[in-house]
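> Below are the sequence and a predicted model; questions follow.
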Amino acid sequence: MADDIPQDGQIHDTLIATKQQWARDGRGLTGETGDPARDRLPPGQRLVESWPVLDLGIVPRVTEANWTLTVDGLVENPVTWSWTDFQAQPRESVVSDIHCVTTWSRYDNRWEGVSTRRLLSVVRPRPEARFVLCHSSDGYTTNLPLDAFAAEDALLATAWEGQPISRDHGGPVRVVVPKLYFWKSAKWVKRIELLAEDRRGYWEVRGYHNDADPWKEERYTE
Ligand SMILES: Nc1nc2c(c(=O)[nH]1)N[C@H]1C(S)=C(S)[C@@H](COP(=O)(O)O)O[C@H]1N2
Ligand SMILES: [Mo]
């Protein structure tokens, strides 16, 4: 069960404090608004080739055998999926760009997994459900509007560039919501909770913006 998943490492307090200071300082802010119809790179971002790893210092040992995903809260049909249940879902492939608030972007990531729209069609959100809170096996959480979670390019991803997503990058299953800064994409996802009222996640209570649109530079608390 998800709560028994072993973890390596410990919370990296100084790194977290540094990021909170960056939020207070407005690090990376240019004051510009980008236009995705015109530009590929959002304001204040720089392109990288390799894929950096960011975490809180804790790396859970999630495997296909111990992974489960619970989707609950304001849904008609709450589910807890094992890896086998998850594999039975139809799969999709999406190519998208990553934009991290720490100012790196990486183009053309080919993801495979189960679309968030497919997941929602199974659990059937109640009319009052308007927000999503993602919970992860390292204790991380992140919140987003249900509409943003249900974007056509959003996935519960199991593969990147044709390979299973590595443990460091949140494997075996991570969320990918490419239209928002990457902190909204939960690694090692174990629970997706549908809510009527918004509830802020890990970074959202530590100075990061609630909405996280890279084109509007929504990096830090509004
Ligand atoms: N569970 C979990 N998900 C997480 C994080 C985390 O620390 N734990 N960090 C977030 C942040 S700030 C970023 S930029 C991306 C980093 O993903 P990556 O390590 O695959 O690049 O994951 C996001 N999702
Ligand atoms: Mo990030």
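Received it, and whenever you're ready, just let me know what you need. Ligands and ions are numbered 1, 2, ... in the order given.
> What lies in contact with the longest helix along the chain?
When the chain is parsed with DSSP state H, its longest helix is helix 13-25. Applying CB atoms under 8 Å, 6 or more residues apart in numbering, the external contacts of helix 13-25 come out as 28, 56, 57, 102, 203, 206, 207, 208, 219, 220, 221. Every residue, glycine included, has its C-beta placed from N, CA and C.
> Report all helices and strands that the next helix or strand after it contacts.
For helix 13-25, the succeeding helix or strand toward the C-terminus, using DSSP states H and E, is strand 46-47. In this structure, strand 46-47 packs against strand 104-115, with contacts taken as 3 or more CB pairs under 8 Å, 6 or more residues apart in numbering; DSSP states H and E.
> again, 6 Å this time
Identification of packing neighbours for strand 46-47 by 3 or more CB pairs under 6 Å, 6 or more residues apart in numbering; DSSP states H and E yields no helix or strand.
> quick one, what contacts the residue most central in space within the chain?
Relative to the mean C-alpha position of the chain, the nearest C-alpha, by CA atoms, centre = their mean, is the one of residue 185, at 1.0 Å. When contacts are counted by CB atoms under 6 Å, 6 or more residues apart in numbering, residue 185 touches 175, 176, 177.
> ok, so of those, who is nearest ligand 1?
Minimum separation from ligand 1 among those (CB to the nearest ligand atom) is found for residue 175, which lies at 7.9 Å.
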